[in-house]
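Student: The following comprises the amino acid sequence and a computationally predicted model.
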Amino acid sequence: TTLEQELRGAMQRDELHLVYQPVVSLPDRAIVGAEALLRWTHPVLGIVPPSEFIPAAETAGIVDELTAWSLRQTAGRLSDWRAAGHLLWVSLNVSVRQLHSPNFAVEVAQSLVERGVPPNQLVVEITEHDVAYDINRLVAQLLGLRATGVRIALDDFGAGYSSLGQLHRLPVDIIKIDRALVVGAEDGSAPLSDVVVKLGQRLNLDVIAEGVETENQLAFVEEAGCPLGQGYLFDRPLLAEDLESRLDAQA
Ligand code: G
Ligand code: G
Ligand code: MN
Ligand code: NA
């Protein structure tokens, strides 16, 4: 299709960029990390959302190239930010299909070494949905990735395909409470986010409450003891320059 062909050229034509949504520590709201999210500005179509072009990239078999591009970008930013004294981590979304690529862990490690970035400053996000499908293989791949020193986050936790029964087997470092549980905090799902926070504590995992939009929602997850938050209440996904200004301001 046209979208696939266009996407192939988008990387060369410089139409892609990453935005970075801050992750803050609670309750002081200091930025400690950021989630990198891809944006594609097409000259004719305008802004194409990742929900459209990521599936197209998978179909076209070029999602690996997209991830490699994102990885280089992120390593470059982390390196610049380190030089400016900012030691935040950045997470990248990766589909499980990409983890199956035998060189993935090596490529990740190499891009970080090239820019002098310690591996613990990169987080790889996989979604809970992906866990459903081949747990043994997934565990092996995550162990390989984690052996490089990179950390793993389980995204969309609690969204539906509950990986609860598998969680103790998964080599993850961070769980991200799905937005649905956080948004519903005011109308009855507060106990659910509460349980996820407790679970994280018991398993010694970091927990990020995603999609925090109101002070009320923040109060619920803080009361549950959630250490980290992400959402429009704190910040939208930001251009790299804008994130850097925010980091400078809090230094
Ligand atoms: O704001 P947002 O529309 O960026 O993200 C929509 C969805 O697209 C999210 O589920 C996010 O995980 C996914 N997404 C954003 N950037 C990337 C990326 O670089 N790679 C992959 N695989 N998914 C991404
Ligand atoms: O699926 P994943 O968690 O990777 O993607 C994060 C998505 O959530 C992105 O599309 C991002 O723009 C969006 N997002 C981040 N914060 C908020 C928020 O507070 N409210 C809503 N509705 N979406 C958010
Ligand atoms: Mn994510
Ligand atoms: Na999520």
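Tutor: It's in. This structure is a prediction, so every number in the text was calculated from the model and none was measured. Numbers count the residues shown, from 1 in each chain. Ligands and ions are numbered 1, 2, ... in the order given.
Student: Which stretches in the protein count as strands?
Tutor: Using DSSP state E, the strands of the chain run over residues 16-25, 31-42, 46-48, 89-93, 122-127, 151-157, 174-177, 206-209, 228-229.
Student: As CSV, these with mean neighbour count would be great.
Tutor: C-beta coordinates here come from the backbone N, C-alpha and C atoms, glycine included. Shown next, in CSV, are the strands of the chain (neighbours: other C-beta atoms under 10 Å):
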stretch, mean neighbour count
strand 16-25, 20
strand 31-42, 20
strand 46-48, 12
strand 89-93, 22
strand 122-127, 23
strand 151-157, 23
strand 174-177, 28
strand 206-209, 26
strand 228-229, 23
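Student: ok, of the ones you listed, where does mean pLDDT dip lowest?
Tutor: In terms of average pLDDT, strand 46-48 trails the rest of the strands of the chain, at a mean of 91.
Student: Can you give the strand pairings for that one, parallel or anti for each?
Tutor: strand 31-42 (antiparallel) (DSSP bridges).
Student: ok, the partner strand near ligand 4 or not?
Tutor: No. Strand 31-42 stays clear of ligand 4 (C-beta under 5 Å from the ion), getting no nearer than 8.7 Å.
Student: What lies in contact with that strand?
Tutor: By C-beta atoms under 8 Å, 6 or more residues apart in numbering, the list of residues contacting strand 31-42 from outside reads 6-7, 10, 15-25, 47-48, 50, 53-54, 66, 70, 73-74, 88-93, 123, 125, 228, 230, 235, 237-238, 243, 246-247, 250.
Student: Taking strand 151-157 as reference, get the angle to that strand.
Tutor: 70 degrees (axes from the mean of the first three to the mean of the last three C-alpha atoms, to 10 degrees).
Student: Is there any residue in strand 31-42 that contacts ligand 1?
Tutor: Yes. Shown here: strand 31-42 in contact with ligand 1 (C-beta under 6 Å from any ligand atom) through 37-38.
Student: tilt between that strand and strand 122-127?
Tutor: 70 degrees.
Student: what angle do strand 31-42 and strand 89-93 make?
Tutor: 40 degrees.
Student: follow-up on the earlier one: can you convert the strands of the chain into CSV and add a column each for distance to V197?
Tutor: Formatted as CSV, those follow (distance: least, C-beta to C-beta, whole Å):
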stretch, distance to V197
strand 16-25, 14
strand 31-42, 17
strand 46-48, 35
strand 89-93, 19
strand 122-127, 19
strand 151-157, 11
strand 174-177, 7
strand 206-209, 5
strand 228-229, 10
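Student: Dump these to TSV, plus distance to ligand 3.
Tutor: As requested, the strands of the chain are exported to TSV (distance: least, C-beta to the ion, whole Å):
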stretch	distance to ligand 3
strand 16-25	9
strand 31-42	5
strand 46-48	18
strand 89-93	5
strand 122-127	5
strand 151-157	4
strand 174-177	7
strand 206-209	9
strand 228-229	13
